[in-house]
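Asker: got a sequence here, can you build the structure:
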Amino acid sequence: MSPFQPNEIDVLVVDDESTLRSTCRAFLEGYGYNVTAVERAEDAVALLKRRAFHILLLDLYMPQVSGLELLSQALDLHPEAKVIMMTGNPSVETSDAALRAGAFDYIPKPFSATHLEILVDRAIHALSEDTGRSDVAPPEDRPTAWPTHRPTPSLAKGVVAEVGDIAILGESKVFRNVVELARRVASTDASVFITGESGTGKELIAQYIHQHSNRRHNPLVEVNCAAIPESLFESEMFGHVEGAFTGAIRSREGLLEAASNGTLFLDELVEMPLSIQAKLLRVLQDGVLRRVGSSKTDAVVTVRFVAATNRNPLEAVEHGTLRKDLYFRLRVVPIHIPPLRERPEDIPPLVNHYLTAFWSKHRPGESTPTLLSTAMEALRAYAWPGNVRELRNVVEHAVVMMDAGAPVGAEGFTLGEPMVDGGAPGGLGIDPAIFQKDYHTAREEMLAHFEEEYLSQILKRANGNISGAARIAGVDRTTLYRLMEKRNLSKRELLEP
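Answerer: Numbers count the residues shown, from 1 in each chain. All right, here's what the predicted structure looks like:
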């Protein structure tokens with residue numbers, strides 16, 4: 001729900017393309033915003049010296065004065081403004097530079113009215129957080145592409161929303177903003193790109209988006225891109241015709257066809273082979289699908305895409321493991337889920353929820369123990385490298401070991417190794433000599449050291465069982481084997497003391 005009336009919002013559009021200028025102006029004025037559109041950066045600067053605008057839409061590539069220069073001048077004059085950069089040639093370097101220079105977000109051309117609407121609405125909500133405005137609701141006749149209601153008051157304390165029988169829990173403002181953004185984008189067909197560490201709940205947010213979309217009565221097909229062997233990926237995604245390869249005794253539809261009219265959730269997208277990314281891009285562009293071994297178009301699919309990764313997608317683009325054009329196509333609405341250590345307010349409701357759920361599951365009929373304040377203090381102070389998934393497992397383990405009806409303090413929960421000097425867990429000490437090396441060399445050496453130590457620790461915790469180690473890590477066996485192969489490590493070497 002927007003905290004501002006549309007006629008309170010002043011928007012400045014700066015672009016040397018007259019068609020785009022007039023289209024943006026007409027669309028935004030249709031929502032009731034006050035829109036000024038100019039062709040040249042010089043005219044924009046002159047305007048900004050005379051008056052303020054809440055939202056600026058700036059072209060990144062303009063003659064004489066670049067969009068980045070205009071961005072810098074605009075924020076010098078009005079640092080509270082939200083600036084959205086428009087670019088017909090999106091690249092990691094320019095987009096990243098714009099964000100570092102203070103842009104609120106960027107939008108690749110050509111863009112849809114829905115994409116622009118979502119970004120402007122996000123910018124307005126960011127303005128409301130800056131100014132503390134929360135009292136003014138939008139007029140009832142403002143056209144919207146999504147529900148504008150807030151979480152229903154009937155939800156239990158700490159519950160932000162629900163996905164079927166599963167509650168989405170949290171008290172922090174930052175996490176509630178994540179769910180609110182998911183709520184707003186759900187009923188559109190815009191592609192969503194979810195980022196966040198393993199265990200933060202990316203899959204749950206994807207499920208929430210589907211269940212609150214117009215496609216909710218059609219399939220949600222979830223694909224773990226790290227779990228499919230590369231040799232089978234094309235057939236799994238696109239299907240195949242009879243005789244396409246040895247063993248293809250009949251034609252078979254792929255996951256894209258299975259998801260038609262529904263949602264396709266591509267988890268760990270960065271693990272998808274580049275050859276498949278190229279074919280997927282065509283489906284994104286025109287919906288045309290050709291099965292493996294076919295010489296014709298086999299289907300035209302309508303799919304809503306939600307992608308996720310626990311890695312930095314811009315780094316993946318830079319390193320060549322994620323296609324730039326695919327990334328920008330899927331990143332219509334980015335949603336980032338912060339790690340649990342950055343939102344400790346969410347720990348108590350999560351602990352209480354899992355404590356109740358697992359006690360009912362494992363200890364029905366027994367007296368519930370009392371959780372002492374020292375226990376919650378210890379749980380809030382822990383860094384939770386495995387995020388909500390780790391917290392869930394820690395609470396379940398504690399429930400199994402607790403005495404019925406007894407008070408439980410910090411000692412009742414088995415947490416991981418404490419942080420040493422505010423840094424990484426013991427065993428990952430940093431050699432000062434690393435800082436004498438160039439960035440890429442130092443980063444690769446640190447990453448190799450971390451991955452080897454991490455693999456060793458989880459394998460030892462799982463008593464050498466690969467499947468058990470994969471469950472601890474929150475990944476599949478294939479990913480662990482790939483990582484071991486990448487670092488040329490055997491299980492025997494990793495288990496050595």
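Asker: use CA for all of it now, contacts and neighbours both
Answerer: Fine.
Asker: which residue is the nearest non-sequential neighbour of Ala103?
Answerer: Nearest non-adjacent residue to Ala103, counting by Cα to Cα, 6 or more residues apart in numbering: Val83, 5.0 Å away.
Asker: what does Ala375 give?
Answerer: Nearest non-adjacent residue to Ala375, counting by Cα to Cα, 6+ apart: Ala410, 3.8 Å away.
Asker: would you indicate which residues of the host helix or strand of Ala278 are buried?
Answerer: Ala278 belongs to helix 274-286 when assigned by DSSP states H and E. By neighbour count with 16 or more other Cα atoms under 10 Å, helix 274-286 contains the buried residues 277, 279-281, 283-284.
Asker: Pro338 and Phe238: what is the separation?
Answerer: 33 Å (Cα to Cα, to the nearest Å).
Asker: er, Arg291 I mean
Answerer: Here Arg291 is placed at a distance of 5 Å from Phe238 (Cα to Cα).
Asker: give me the common contacts of the two.
Answerer: The contact sets of Arg291 and Phe238 overlap at 253-254 (Cα atoms under 8 Å, 6 or more residues apart in numbering).
Asker: for the helix or strand that Ala44 is a member of, name the packing helices and strands.
Answerer: Assigning secondary structure by DSSP H and E places Ala44 in helix 41-50. Applying 3 or more Cα pairs under 8 Å, 6 or more residues apart in numbering; DSSP states H and E, one finds that helix 41-50 contacts helix 67-77.
Asker: have a look at Pro338 and Phe238 and say which one is more surrounded.
Answerer: Shown here are Pro338 and Phe238; by other Cα atoms under 10 Å, Phe238 has more neighbours (24 against 17).
Asker: what's the spacing between the closest residue to the more buried one other than its chain neighbours and Leu284?
Answerer: Nearest residue to Phe238, sequence neighbours excluded (Cα to Cα, 6+ apart): Gly254, at 4.5 Å. Remark: distance between Gly254 and Leu284 (Cα to Cα) = 15 Å.
Asker: which residues are in contact with Pro344?
Answerer: With contact set as Cα under 8 Å, 6+ apart, Pro344 has these partners: 172, 380-381.
Asker: can you check Ala123 too?
Answerer: When contacts are counted by Cα under 8 Å, 6+ apart, Ala123 touches 55, 82, 104.
Asker: Thr297 too?
Answerer: Contacts of Thr297 (Cα under 8 Å, 6+ apart): 288-291.
Asker: taking the residues you listed one by one, which sit in helices?
Answerer: Using DSSP state H, no member of the contacts of Thr297 sits in helices.
Asker: count the neighbours of the residue nearest to Asp403 when sequence neighbours are not counted for me.
Answerer: Leaving aside its sequence neighbours, Asp403 sits nearest to Pro369 (Cα to Cα, 6+ apart; 7.2 Å). The local packing of Pro369 (other Cα under 10 Å) involves 16 other residues.
Asker: longest helix anywhere in the protein?
Answerer: From DSSP H, the single longest helix across the chain is helix 439-461.
Asker: and the strands in the stretch 51-200 of the chain, which stretches?
Answerer: Under the criterion DSSP state E, counting those that start in this stretch, the stretch 51-200 of the chain contains strands at 55-59, 82-87, 105-108, 159-163, 166-169, 192-195.
Asker: which stretch in the ones you listed has the least confidence?
Answerer: Sorting these by mean pLDDT places strand 159-163 lowest, at a mean of 70.
Asker: still on that earlier bit, which elements pack onto the longest helix of the chain?
Answerer: helix 466-473, helix 491-495.
Asker: returning to what we had before: in terms of contact, does the residue nearest to Ala375 touch Met376 like I think?
Answerer: Yes. Using Cα atoms under 8 Å, Ala410 is in contact with Met376, at 7.3 Å.
Asker: of those two, which one has the most company?
Answerer: Set Ala410 next to Met376 and count neighbours by other Cα under 10 Å: Met376 wins out with 19 against 16.
Asker: let's test this: mean pLDDT of whichever strand or helix holds that one, rounded?
Answerer: Per DSSP H and E, Met376 falls inside helix 373-381. Here helix 373-381 scores 91 as its mean pLDDT.
Asker: look up how far Val408 lies from the residue most central in space within the chain.
Answerer: The residue lying closest to the centre of the chain (Cα atoms, centre = their mean) is Ile194, at 1.8 Å. For Ile194, the distance to Val408 equals 37 Å [Cα to Cα].
Asker: make TSV out of the buried residues of helix 274-286 and add distance to Ala190.
Answerer: Shown next, in TSV, are the buried residues of helix 274-286 (distance: Cα to Cα, whole Å):
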residue	distance to Ala190
Gln277	19
Lys279	20
Leu280	16
Leu281	15
Val283	15
Leu284	11
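Asker: out of those residues, who's nearest Leu48?
Answerer: Leu284 (38.9 Å; Cα to Cα).
Asker: contacts only, for the closest one.
Answerer: Counting by Cα under 8 Å, 6+ apart, Leu284 touches Arg329.
Asker: could you report the pLDDT at it?
Answerer: 90.
Asker: can you check Arg142 too?
Answerer: Predicted confidence (pLDDT) for Arg142: 33.
Asker: where strands are concerned, which of the contacts of Thr297 count?
Answerer: Among the contacts of Thr297, DSSP state E puts 288-289 in strands.
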